[in-house]
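In: here is a sequence together with a model predicted from it:
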Amino acid sequence: MTDALSRLLDAADVSGWTGLPADAAETLGIEAGAAPAFDGLLGDPPAMTSWVPLSTRRFTDGLRAWVREGRVVLIEGVMPVDDEGGLLAIPELGEPDAELDHVFGPLTITGGERVYAARGLAVCVNPKSGVLLGVRGYAPTTPEAYRRLLRPVPVPELRLAEGGAP
């Protein structure tokens, strides 16, 4: 496993991230042709894409490897915490290539997704609180290609009426 991939998975450290390695599926033990566990949507227009959950203690809301044709195209970790379970601060990464709105549960955070496409990285943040909400690692590309092919489409939350069923 590359040092940068290991730091992202084990510590949510993206400081040295320069892009998802081509052999990420093999490195992560994701076998070609094996039935992925779940399907979700990536890109705009949305394309059905499989994802595999990865074992993690660092990302409290999960860590996923998104897979197309046997290749990992995106690693996504949500709600990273430190060793004591505390929230992490937004990393200092310089000026992003693009800023997008980020859907986090029922909230839309204006400018909450900072895209560093040339580095193959997007970080989801709450700028008001200074908290890192998630990281997305992929192969270097352009901001437009990230939006069109790799950006996860949020799943709408089901809200139940008080005491009712859907």
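Out: Received, thanks.

In: mind listing the strands for this structure?
Out: 38-42, 47-53, 63-68, 71-78, 98-104, 107-116, 121-126, 131-137 (DSSP state E).

In: okay, which residue is most central for this structure?
Out: The centroid of the chain falls nearest to E76 when counting by C-alpha atoms, centre = their mean (2.5 Å).

In: which residues touch that one?
Out: For E76, the set of contacting residues under the criterion of C-beta atoms under 8 Å, 6 or more residues apart in numbering consists of 51, 63-64, 66, 134-136, 152. Where you see a C-beta, it was placed from the backbone N, CA and C, and this is true even at glycine.

In: please apply the same query to R136.
Out: For R136, the contacting residues are 74-77, 121-124, 150, 152, taking C-beta under 8 Å, 6+ apart as the criterion.

In: tell me the one among the residues you listed nearest to E26.
Out: Looking at the contacts of R136 and their distance to E26, the nearest is I75, at 14.0 Å (C-beta to C-beta).

In: neighbours of the closest one, just the number please.
Out: For I75, the count of nearby residues is 23 (other C-beta atoms under 10 Å).

In: any idea how far it lies from P21?
Out: The span separating I75 from P21 equals 10 Å under the rule C-beta to C-beta, to the nearest Å.

In: where are the low-confidence patches of this structure?
Out: Applying pLDDT under 70 to the chain flags the ranges 1, 33-36, 156-166.

In: so in it, which helix runs the longest?
Out: In the chain, assigned by DSSP state H, the helix with the most residues is helix 3-11.

In: residues touching that one, excluding its own?
Out: By C-beta under 8 Å, 6+ apart, the list of residues contacting helix 3-11 reads 1, 13-18, 20-21, 24, 27, 54, 56, 58, 63, 75, 77, 135, 137.
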